[in-house]
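[1] Structure for this input, please:
(chains A and B)
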Amino acid sequence: MAELKLTRRSMLKKTGLATAAGTVTFMGPWYYNRVYAAASDKPILIGLTSDASGQYANSGASDRRGMLMAIAEFNERGGVLGRMVETIHIDTETTPATGSRAAERLITRNECAFLIGAVSSGVANAISQVAQKYGTIYLNTNSSSPTESGKNCHRVKFVWDGNGKNFAQAAVKNAISSYGTKWMLMTNDYVWGHNTSAATRQLVEQFGGEIIDEILVPQGTRDFSSMLLKVQQAAPQVVAAAVGGDDQKAMRQQVSQLGLGEKMAWINNQQDWPDVYGLPIENLFGVFGTTWYWKLDLPGVAEFVQRYQAAYPDTRMRVPGNVFYNGYMATKELLSAVERAGSTNNHKVIRELEGLKVSAHDRMQHHDAYMNPATHQMQQTVYLATANQGTEDQDDLFRILSQSDPEEIRDAGADAACMMESLDDTPTFEM
Amino acid sequence: MSQIIPHILNGLSLGLLFALIALGFMLIVGVMELINLAHGSLFALGAYFAMMIISPNLVWTGAVGEFWQAVPLSLRYGLAILVAPVMVAVVGMGLEFCMRRTYGKKAEYGLLMTFGAALVIEEAIRLVWGPSEQYLQVPQAISGAVLFAGLIYSKYKLFAALFAAGAIVLVWFFLERTPYGAIIKAGAHDSEMVRALGINLSRLRLLVFGLGAGLAGFAGIVLTPIWGLRPHVGIDAVIPAFLIIVLGGVGSFWGAVAGGILVGLAVGITGAYASEWSLLSMYLLLIAVVSVRARGLLGKKSALEA
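    Predicted coordinates:
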């Protein structure tokens, strides 16, 4: 019988080797290659990270309705890869910290395969950092800060809305020639507002205009009287407002009460449908951008509106808006990408989405759209609109003024600013 | 220098509105020593009740609905501003009735109860009127703009400040010049003695809570044509209200008024010259005042203080 000789040196060596092997087993392949039971009958679980309270509660609800309608349509056809699609929603409260917690919980505890939903850029950025850590694909449906597809881009994040730079490019040059060179900025004091105003400032200066002042609007501002007095004292020819959500609603109401909408030109970077629906048309002054409108004279639009009304007969918002549209389109394209990939493997789905091209017909827009693989932002048609004064139809609030080809309004700065993680550095998994 | 004058005047009018928001909150804290976290929801409820009176959905009633819509807006608005606060007062009294089991227990019971009530009221608003933005109509005579010294002001905001000033005077008159006011103040000072004198303390609390709730509802009707109307609008009211009564001194009527005006001036002037600080300015003001005078501007000295 061989004698077992246990020396201090051999003991240390064995312990060291065992510890290293254990660590590699536990941390290495497991961390980067999670494979959950992807049984064919197991539902695909999607985490919905939309706001149900706070500044963007209303838009968050619209966003969510869009996602749910797309999922319901796939489920009616038998699901995706033969598996039903189920959802879990957590209210992200228009708060980045809550967004982080919600994402962490949906990924680690609920084991969601994908995350969808955002209106606030701050919340979207927080969610995407968590999603990148786990490799979970995240669709930023409706937040439009240029940083989302610029310096805060991630391999797992796909941005579906036009960004502040896209809208500014569509509006600024024409506005300078139509209204004048003396501009003032009103900027919501958070990431989207700052980045959108920075993009506007750059374009105004590029086309020979001058920014005479910038008013920062803290989130949660309800009384704009002092700011509007300051605007009057400065007497700009154009006010470019990057103010969103409930702040924007209060601002619109007060600008309208003063009749300032007619005294100077107002350029509102993007106008989300839920922010103006149901308000008097007088509140809808100035020129603003949107990615879609329910009365576009394009094939499929009327049927899409009918499907919305059939799906949500009791919703006070009788027609879909841009926020609903973005939520719907993003979800639909994700599930289609899973089908094309033939798998929920995140790397395969990411590759599918990076090569995504959608015809104008399928997008119900004027131009073909495509996913920019360098920034993960959907390059799409942007429309400029104004209030549809004198209409009898209470839902027909917008009058579309122009539409821009995605290439004309491309945010070249995002390509330079986006330093995306490589696919190899992104954990892979399959649910 | 002349550039700042409009901002000071604007700050004063804003201050009156802030004082109006704090008035009902102050009354309930002062008399019942209860922080009513449902104050914001009652504020919102007042505006929704007013909207229901001004522009109700009465299509289903046929002729009745047509008749009511034909009544001039100013009459409907006048009725709303009188009736809606009473409706909120009734809701407030119902809440006070539910609160009774928490009296004499730790303060947390009352806080949790009113917090729960705030959530219930907000959800009820969402269910009844929907989650979307709504619009509270005001008569033509008090909407639009006025031109003064080359600047445009909101006519409605001037009227709102007048409404607020009127409400402040009426509440002061009620508290200082009527026997009911004397009983309420006595109840706040020494409730046991008031009870010993044969005054029904339960009824007194019911009245005070109803009055505080009614004032919250009135503030909602006055403020929402400026702020906009949505189910969670109350959160925009409850935080400044709490801050103002701490700043002015808990339970002090004139403290609430002074606190409101100071907050209005701080927000109004910073809004013009350092707008990014405009919301923060009220918190900085509170820190500055409480650091040197812990009981607030006009708060009474505690028995525990030397």
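[2] where's the nearest residue to B:G92 once chain neighbours are set aside, which helix or strand?
    Spatial nearest neighbour of B:G92, chain neighbours left out: B:A213 (2.3 Å); criterion: CB to CB, 6 or more residues apart in numbering or on different chains. From N, CA and C alone the C-beta is placed, and that goes for glycine too. Using DSSP states H and E, B:A213 sits in helix B:201-227.
[3] residues of that helix that come out buried?
    Along helix B:201-227, these residues count as buried under the neighbour rule (16 or more other CB atoms under 10 Å in any protein chain shown): B:204-227.
[4] With stretch A:229-237 instead?
    For stretch A:229-237, by 16+ other CB under 10 Å, it's A:L229, A:K230, A:V231, A:Q232, A:P236, A:Q237.
[5] separation between A:A337 and chain B?
    32 Å (CB to the nearest CB, to the nearest Å).
[6] follow-up on the earlier one: so which of the buried residues of stretch A:229-237 sit within helices?
    Those of the buried residues of stretch A:229-237 mapping onto helices are A:L229, A:K230, A:V231, A:Q232, per DSSP state H.
[7] so what's the residue in chain A that chain B sits nearest to closest to, chain neighbours aside?
    Nearest residue of chain A to chain B: A:S226, at 3.2 Å (CB to the nearest CB). Excluding its sequence neighbours, the residue lying closest to A:S226 (CB to CB, 6+ apart) is B:G271, at 3.2 Å.
[8] which strands and helices sit next to the helix or strand containing that neighbour?
    For B:G271, the host element (DSSP H and E) is helix B:253-273. Secondary-structure packing of helix B:253-273 (3 or more CB pairs under 8 Å, 6 or more residues apart in numbering or on different chains; DSSP states H and E): helix A:225-234, helix B:5-32, helix B:155-177, helix B:235-248, helix B:280-292.
[9] Export those helices to a markdown table and append columns for distance to B:L147.
    Shown next, in a markdown table, are the helices and strands packed on helix B:253-273 (distance: least, CB to CB, whole Å):
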| stretch | distance to B:L147 |
| --- | --- |
| helix A:225-234 | 10 |
| helix B:5-32 | 12 |
| helix B:155-177 | 10 |
| helix B:235-248 | 29 |
| helix B:280-292 | 28 |
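[10] Let me know which of those is the nearest to B:I53.
    Among those, the nearest to B:I53 by CB to CB is helix B:155-177 (16.6 Å).
[11] tell me the mean pLDDT for the closest one?
    Averaging pLDDT along helix B:155-177 gives 93.
[12] List the buried residues in the following helix or strand past that helix.
    On the C-terminal side of helix B:155-177, the closest following helix or strand by DSSP H and E is helix B:179-189. Using 16+ other CB under 10 Å as the test for burial, helix B:179-189 gives B:I183, B:I184, B:K185, B:A186, B:G187, B:A188.
[13] Show the contacting residues for the residue of chain B found nearest chain A.
    At 3.2 Å from chain A, B:G271 is the closest residue in chain B, using CB to the nearest CB. The contact partners of B:G271, taken as CB atoms under 8 Å, 6 or more residues apart in numbering or on different chains, are A:D223, A:F224, A:S225, A:S226, A:M227, A:K230, B:H7, B:S278.
[14] Any chance of a markdown table for those residues, columns distance to A:R155 and pLDDT?
    Below are those laid out as a markdown table (distance: CB to CB, whole Å; pLDDT from 0 to 100):
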| residue | distance to A:R155 | pLDDT |
| --- | --- | --- |
| A:D223 | 43 | 92 |
| A:F224 | 40 | 94 |
| A:S225 | 46 | 92 |
| A:S226 | 44 | 93 |
| A:M227 | 40 | 95 |
| A:K230 | 43 | 93 |
| B:H7 | 49 | 91 |
| B:S278 | 39 | 93 |
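[15] what's the closest of these to B:A145?
    For the contacts of B:G271, the nearest to B:A145 is A:S225 (11.6 Å; CB to CB).
[16] That closest one: what's its closest spatial neighbour, skipping adjacent residues?
    Closest to A:S225 by CB to CB, 6+ apart is B:N10, at 5.2 Å.
[17] can I assume that neighbour is in contact with B:V267?
    No. Taking CB atoms under 8 Å as the definition, B:N10 is not a contact partner of B:V267, at 9.6 Å.
[18] Can you work out which residues contact both of these two?
    A:S226.
[19] need the buried residues of helix B:179-189 in TSV with pLDDT and distance to A:K165, can you?
    Shown next, in TSV, are the buried residues of helix B:179-189 (pLDDT from 0 to 100; distance: CB to CB, whole Å):
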residue	pLDDT	distance to A:K165
B:I183	86	65
B:I184	83	59
B:K185	81	61
B:A186	83	65
B:G187	78	62
B:A188	74	58
